[in-house]
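S.K.: heads up, no residue letters with this:
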């Protein structure tokens, strides 16, 4: 069995990420109210909770390498900076303490049988067989009778347990990126001031000729909660195409990943995988740019429901921006569910099916071939590229036909032209400065402003303050924020559109 020093050796060596260089530097950051290092305050909070202090932290007392201490310092103070001080590092830690009941490195423990995912305890054979290899990290619900709603977080160790999608707990960049992402999933939780679940119905007419219906919040053991800007669709569409429910959680993933990347940059670390949640991150940044980055991040981590309502509730306008963007993101990643909302998913499926037929290829092997999936996951595909792709497919060992006949070639050319039109529309939605999502959202805000001033995220900040007070997440910053709201009800239009 490996010793702790080997697992977390990156914190014991001299260098950029060493315990000596980082924690020593962080120890000089003094809390002005308490006149002592912020690290001491954070350490006390860690000790009060059921949180692992480091990978393989089964050693009694304080561990030599307090990884969680370092990460929580960087996360809480970083979020304070990203919001311009609207939420303090103490508020961040209080909310994490409120909603993160357990935190584990490596794997779940025997005593974690109260942590439930997909109706199964995470310690059960059923869970391990069905789900464990699917996640690098996971946040699940803790279910205890009479207890308030809480989550449990685990970072699976790919080195120690041999699972397919764990993370490398020897790599500080992987730990940071994963922790910043998952902690933001905890921070996105907000308790509703209402006792009933909130629903939203759109006038959008879908392919079944009925309205779409979404559930914005969900009833838990001690109340109703919002989880980021996620919604669940329950209507005829969901019944017909997706077993009764369609989850719209990709914009939330975009916000969470985007915030995690900004926090990584804040500590001078690198974002290694910029393709992850690419379209979702782009949409989240568009929303931040239109409404103001600091205010939007603040609303997301204190009262995410305010963002849901702002994007859904279009007044007399014709767009439900939240689900318009959600449909587009799912389609861009070939996960579209509703046919008339998923042109790319549909045309690529048609193309691949026709290519398989034309090449007389083995279907299973065609879909398992990573290079085939990567070909269609592009922003631009030329006719020359497509012809080269067909030539390569014909040479695959699982293709029995080596030359296309004219009929097959003509049909594939027609499908490719349709695919290119769909790809053009997708690129226009995500990236066109005049016709894209960001431009449409900004135009709607301009239309609302009859006095030549722009709507700001200030109204959302007011709602977030109500939630902070309701949930007893108090801070010395509240009065300051409240004063800022009073003096900043109107922001010049060019400031909002520039994201200032």
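M.R.: Happy to help now that I have it. These figures come from a predicted structure and were not determined experimentally. Residues are numbered from 1 along each chain as shown.
S.K.: every contact and neighbour count from this point should use C-alpha atoms.
M.R.: Will do.
S.K.: can you classify the residue nearest the centre of the chain as helix, strand or coil?
M.R.: For the chain, residue 253 is the residue whose C-alpha lies nearest the centre (C-alpha atoms, centre = their mean; 1.6 Å). Put simply, residue 253 is helix when judged by DSSP: H, G, I helix; E, B strand; the rest coil.
S.K.: grab the nearest non-local neighbour of it.
M.R.: Closest residue in space to residue 253, ignoring its immediate chain neighbours: residue 280 at 6.7 Å, by C-alpha to C-alpha, 6 or more residues apart in numbering.
S.K.: check the offset of the longest helix belonging to the chain from the chain's centre.
M.R.: If you go by DSSP state H, the chain has its longest helix at helix 406-431. When distances are taken as C-alpha atoms, centre = their mean, to the nearest Å, helix 406-431 is centred 30 Å away from the chain's centroid.
S.K.: isn't the residue nearest to the centre of the chain up against residue 278?
M.R.: No: the pair residue 253 / residue 278 is not scored as a contact, 10.1 Å apart, by C-alpha atoms under 8 Å.
S.K.: burial measure for residue 144, as a count.
M.R.: Counted with other C-alpha atoms under 10 Å, residues neighbouring residue 144 total 12.
S.K.: and the next helix or strand after the longest helix of the chain, what's buried?
M.R.: As assigned by DSSP states H and E, the chain's next helix or strand after helix 406-431 is helix 437-448. Within helix 437-448, the residues scored as buried using 16 or more other C-alpha atoms under 10 Å are 437, 438, 439, 440, 441, 442, 445, 446.
S.K.: ok, now stretch 103-111?
M.R.: Within stretch 103-111, the residues that count as buried by 16+ other C-alpha under 10 Å are 103, 104, 105, 106, 107, 108.
S.K.: packing partners of the helix or strand residue 285 falls within?
M.R.: Secondary structure assignment for residue 285, by DSSP H and E: helix 278-291. The elements that helix 278-291 packs onto, with contact taken as 3 or more C-alpha pairs under 8 Å, 6 or more residues apart in numbering; DSSP states H and E, are helix 250-266, helix 293-302, helix 321-332, helix 406-431, helix 437-448, helix 493-497.
S.K.: ok so, going back, and the furthest pair within the buried residues of helix 437-448?
M.R.: Pairwise distances across the buried residues of helix 437-448 (C-alpha to C-alpha) peak at 14.3 Å, for the pair 437 and 446.
S.K.: coming back round to it: out of the helices and strands packed on helix 278-291, the one nearest residue 240 is which?
M.R.: Evaluated over the helices and strands packed on helix 278-291, closeness to residue 240 peaks at helix 321-332, with 16.3 Å, by C-alpha to C-alpha.
S.K.: how about stretch 352-367: buried residues?
M.R.: 352, 354, 355, 356, 358, 359, 361, 366.
S.K.: would you mind giving the helices and strands packed on helix 278-291 as CSV with distance to residue 208 and mean pLDDT added?
M.R.: Formatted as CSV, the helices and strands packed on helix 278-291 follow (distance: least, C-alpha to C-alpha, whole Å; pLDDT from 0 to 100):
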stretch, distance to residue 208, mean pLDDT
helix 250-266, 24, 96
helix 293-302, 33, 96
helix 321-332, 16, 94
helix 406-431, 22, 93
helix 437-448, 25, 87
helix 493-497, 37, 34
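S.K.: save those helices as a markdown table, and put in distance to residue 41 too.
M.R.: Output for those, formatted as a markdown table (distance: least, C-alpha to C-alpha, whole Å):
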| stretch | distance to residue 41 |
| --- | --- |
| helix 250-266 | 21 |
| helix 293-302 | 21 |
| helix 321-332 | 39 |
| helix 406-431 | 43 |
| helix 437-448 | 41 |
| helix 493-497 | 36 |
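S.K.: okay, the ones you listed, which one's buried deepest?
M.R.: Sort the helices and strands packed on helix 278-291 by mean neighbour count, taking mean count of other C-alpha atoms under 10 Å, and helix 293-302 sits at the top with a mean of 25.
S.K.: which other helices and strands does the following helix or strand past that helix contact?
M.R.: Once the chain leaves helix 293-302, the next helix or strand it forms, by DSSP H and E, is helix 305-312. If you count contacts as 3+ C-alpha pairs under 8 Å, 6+ apart, helix 305-312 packs onto helix 293-302, helix 321-332, helix 458-470.
S.K.: going along the chain, name the helices of the stretch 151-300 of the chain.
M.R.: Assigned by DSSP state H, counting those that start in this stretch, the stretch 151-300 of the chain shows helices spanning 158-161, 172-187, 236-241, 250-266, 278-291, 293-302.
S.K.: quick one: closest of those helices to residue 145.
M.R.: helix 172-187 (21.0 Å).
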